[in-house]
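> model the structure of this input:
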Amino acid sequence: MQSGRWLLLSVTAMWASAAVASAAPPLPLAGPDLSLEVVTPERSSEKGRTDRPSPSGATLVLNSLSEEERSKLAESLHSLAAAAARKRNPFYVAIDDTEEHAAAQKLFAETAPAFTAAAALSRGRWFSAEGDLAVQVVKTCSPGSRCMPLLSQGPGDGFEQRIRFLAWPVGYAVILRTAENDVVQVAGVLRADPASSQIALVLTGAELHSLRKGPALSSVLKSAARLAKKLPGSALVETLESIGRAASAGDEVPWLKLPRNTVLVVPRLGALATSNRFVDEINSRLQAVRAKVEWLSSPRKWPPTLPPVVPTAGRPRPRTP
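Below is the predicted model of the structure:
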């Protein structure tokens, strides 16, 4: 009887040890199964995207704005329209164009970084200045092409750094994952105070493909379309027209399929040289988030095994890259 008890305990201990050993290696973070495919420009054109006008990125820009920022954009459009209307009034004698220029410059400063990033992202294919390489995001790479995962845990070797720099809207982006119920909260924290940010775009998986509705959207679209007609020859006309057409623009990045519970954070073009600051800003902003957040991809390395989330003062802190 005693020997039988010891045999049972021994078998139980062996089973427990085997279970612990088999569970020891942590599984890699799962994420979007997409790759950066590197080919010659000729092969890229053969496999190219569907033939259609180059998207402006206006849908992505508007989706990246919080409702508060959309309202501010509507106010900027209104101020610029008022200045333009006064200038067209035959009874209005302008001493100078300071007011109109100030309104135009303010609008340009507010939208230029986001539009630069959105236009580059929606292009979907990026070419080297030398003309020897083309990079695109694909689900399955072609035979003979060089591939690397879209998700990155750091800059990689010299060739990978070059490829990710060419495809900077995705190659230098941060991709986060959280519970689907927390996506709006995470995105909202990252969208705060865009004027002083290293961040150009913040888009959830759902916002990549269709225009997000909201109380200020109609005012923005109508004001932009009207204003474009009042400012012929202005440098802002193309931007205004693209905003006015955003409701009918359709999917601007059909090739970039990310889960709904992910958030894509694209840096400003000027932030590529300071990617550490870009990553630090995201991490700092996430300190205010109560949700659990996983870093799926980042231009800066972090430990392969992330530390557990530790609650601080009743609020969990995000994992740090």
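> can you report how many residues lie near Ala273?
If you count neighbours by other Cβ atoms under 10 Å, Ala273 ends up with 9. For glycine as for every other residue, the C-beta is placed from the backbone atoms N, C-alpha and C.
> what's the spacing between it and Leu121?
Counting by Cβ to Cβ, to the nearest Å, the gap between Ala273 and Leu121 amounts to 19 Å.
> against Gly171, how distant is the closest residue to Asp33 other than its chain neighbours?
Computed as Cβ to Cβ, 6 or more residues apart in numbering, the closest residue to Asp33 that is not its neighbour in sequence is Lys139, at 7.0 Å. Note on Lys139: its distance to Gly171, by Cβ to Cβ, is 17 Å.
> where does the nearest residue to Asp251 once chain neighbours are set aside land in three-state SS?
In space, and not counting its chain neighbours, Asp251 is closest to His209: 4.6 Å by Cβ to Cβ, 6+ apart. Under DSSP: H, G, I helix; E, B strand; the rest coil, His209 falls in the coil class.
> neighbours of His209, just the number please.
Neighbourhood size, His209 [other Cβ under 10 Å]: 18.
> so the residue nearest to Asp33 makes contact with Glu37?
No - with contact defined as Cβ atoms under 8 Å, Lys139 does not count as touching Glu37 (9.7 Å).
> more neighbours, these two?
Shown here are Lys139 and Glu37; by other Cβ under 10 Å, Glu37 has more neighbours (25 against 11).
> three-state assignment of that one?
When classified by three-state DSSP, Glu37 comes out as strand.
> quickly list what it is bridged to.
Gln136, Cys147 (DSSP bridges).
> quick one: contacts for it?
Neighbouring residues of Glu37 by Cβ atoms under 8 Å, 6 or more residues apart in numbering: Val135, Gln136, Val137, Val138, Cys141, Ser142, Ser145, Arg146, Cys147.
> what does Val263 give?
Ile175, Leu176, Arg177, Thr178, Val183, Val186, Ala187, Leu190, Val202, Leu203, Thr204, Gly205.
> let's see 6 Å
Going by Cβ atoms under 6 Å, 6 or more residues apart in numbering, Val263 touches Leu176, Val186, Ala187, Thr204.
> still on that earlier bit, farthest-apart pair in the contacts of Glu37, please.
Val137 and Arg146 (14.1 Å; Cβ to Cβ).
> who has more neighbours, those two?
Higher neighbour count among Val137 and Arg146: Val137, with 22 against 15, using other Cβ under 10 Å.
> what residues are up against that one?
Val137 is in contact with Leu34, Trp255, Leu256, counting by Cβ under 6 Å, 6+ apart.
> in this protein, where is pLDDT below threshold?
Confidence mapping of the chain against pLDDT under 70 gives the ranges 1-32, 42-55, 87-101, 103-104, 155, 302-321.
> and the strands in it?
Applying DSSP state E to the chain gives strands spanning 35-39, 125-127, 134-138, 146-149, 174-177, 199-204, 262-267, 294-297, 311-312, 315-316.
> perfect, that will be all.
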